[in-house]
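[1] Turn this into a model:
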Amino acid sequence: MAECRAVSAGFSAAFRRPAVWLAELAWRWAFAISAWLIIAYGILLFLGSVPVSDADMFGLSGVIPSRIIPTIIHIFAGSGPKMVRLSFALLLSVCLLSFLATSFGRVAVLRSLLSRSAGKTSTLVRLNLLRAICLCLVTLAYAGCAFLIAHSSTAQDPARPVSGARPQDFSLLFGAVACVIAWIWARIDSRITLAGIVGLRNDRDAIGSLVGATDVSLRRLPQFAWIGLVFGFIKLVLVVGAFFAAVSAFSMFAVFSTWMSFVAVGFVLMVYSALANLFTVGALAAQVRVIEWDENSAD
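    Purely as a prediction, here's the structure:
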């Protein structure tokens, strides 16, 4: 029986097939740019609908620095329901955009990595719809945890602050809940991705793909764990390196121009995104290798 060598296959696909990497990069960047444009447009519409009086403009001018924060609070007073509606509309828009991007972009990448692709695109569409729904629910859960953390850690009577921990401060508990939600979302996202590979290779429906992905992930747990460890460590190194590179670039170019510093940081983030997507393709190719090796071993 041939060895798996999933990680080696992943690196080989990432570095020897640049077209696949460019395809992954293209749909991810298209999604990111479109999402930020939608968010910026929504924020601008909201700011254009907020009434600002002459007194507010004077407070924002900075003539009296201590009035800036109270002026901002006064401007947005009573806009809470509108902000909630806008946030919910933006969330739905971004989730819909994510569904479309993954349905059309990721399918092309997976088909190019698979040696046999007999499945239907409709299976991926259903799986990505499930992913978009889960993403929406997870984001709402994050927002709820953030609200509970802010509400729990805020003193009930600002005029009488109490030093030390308060009995009703549950911010650590809600922070732990947010970490658990992040872990659950990572597991759901990886399982749906694996189900997409299984569905495209073996022509299964969405439910059958999820069942098959769960079965192969349990049967080949050491191989998938090794893939996650290797590529997860690489992405961690990339995140740390991008952080220090962004800070260094900002400090170097800030002495010349603020815009130059932001352009430099943007360039660092683009390089990080390109490298991260390169190893994302490698991780996908490694998972494909494990699934194909598992089927050949069964034969």
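[2] what about residue 293, how many neighbours?
    Using other Cβ atoms under 10 Å, residue 293 is surrounded by 19 other residues. (Glycine included, C-beta is placed from N, CA and C.)
[3] Quick check: the gap between it and residue 195.
    Residue 293 sits 18 Å away from residue 195, going by Cβ to Cβ, to the nearest Å.
[4] mind checking which helix or strand of this structure has the lowest mean pLDDT?
    Between all helices and strands in the chain, the lowest mean by mean pLDDT, DSSP states H and E belongs to helix 54-60, at a mean of 62.
[5] Show me what secondary structure element comes after whichever strand or helix holds residue 136.
    Assigned by DSSP states H and E, residue 136 belongs to helix 121-153. Remark: after helix 121-153, the chain's next helix or strand is helix 171-202, criterion DSSP H and E.
[6] could you give the mean pLDDT of that next one?
    In this model, helix 171-202 has a mean pLDDT of 84.
[7] helix, strand or coil for residue 117?
    Following DSSP: H, G, I helix; E, B strand; the rest coil, residue 117 is assigned to coil.
[8] pLDDT weak spots in the chain?
    Along the chain, the parts satisfying pLDDT under 70 run over 1-3, 50-80, 118-119, 150-171, 174, 298-299.
[9] Find the residue closest to the residue nearest the centre of it in space, skipping its chain neighbours.
    The chain has residue 135 as the residue nearest its centroid, 9.2 Å off, counting by Cα atoms, centre = their mean. Leaving out its chain neighbours, the residue that sits closest to residue 135 by Cβ to Cβ, 6 or more residues apart in numbering is residue 95, at 5.5 Å.
[10] Quick check: buried residues in whichever strand or helix holds that neighbour?
    Under the criterion of DSSP H and E, residue 95 resides in helix 80-101. Residues of helix 80-101 classed as buried by neighbour count (16 or more other Cβ atoms under 10 Å): 86, 87, 90, 91, 93, 94, 95, 97, 98, 99, 100, 101.
[11] Check stretch 268-280 too.
    By 16+ other Cβ under 10 Å, the buried positions in stretch 268-280 come out as 268, 272, 273, 275, 276, 277, 278, 279, 280.
[12] Can you add secondary structure and give those residues back as TSV?
    Output for the buried residues of stretch 268-280, formatted as TSV (three-state DSSP):
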residue	secondary structure
268	helix
272	helix
273	helix
275	helix
276	helix
277	helix
278	helix
279	helix
280	helix
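[13] of the residues you listed, closest to residue 230?
    Comparing the buried residues of stretch 268-280 against residue 230 with Cβ to Cβ places residue 279 closest, at 9.2 Å.
[14] Thought residue 235 was touching that closest one, still the case?
    Yes - shown here, residue 279 and residue 235 form a contact pair, counting by Cβ atoms under 8 Å, at 6.3 Å.
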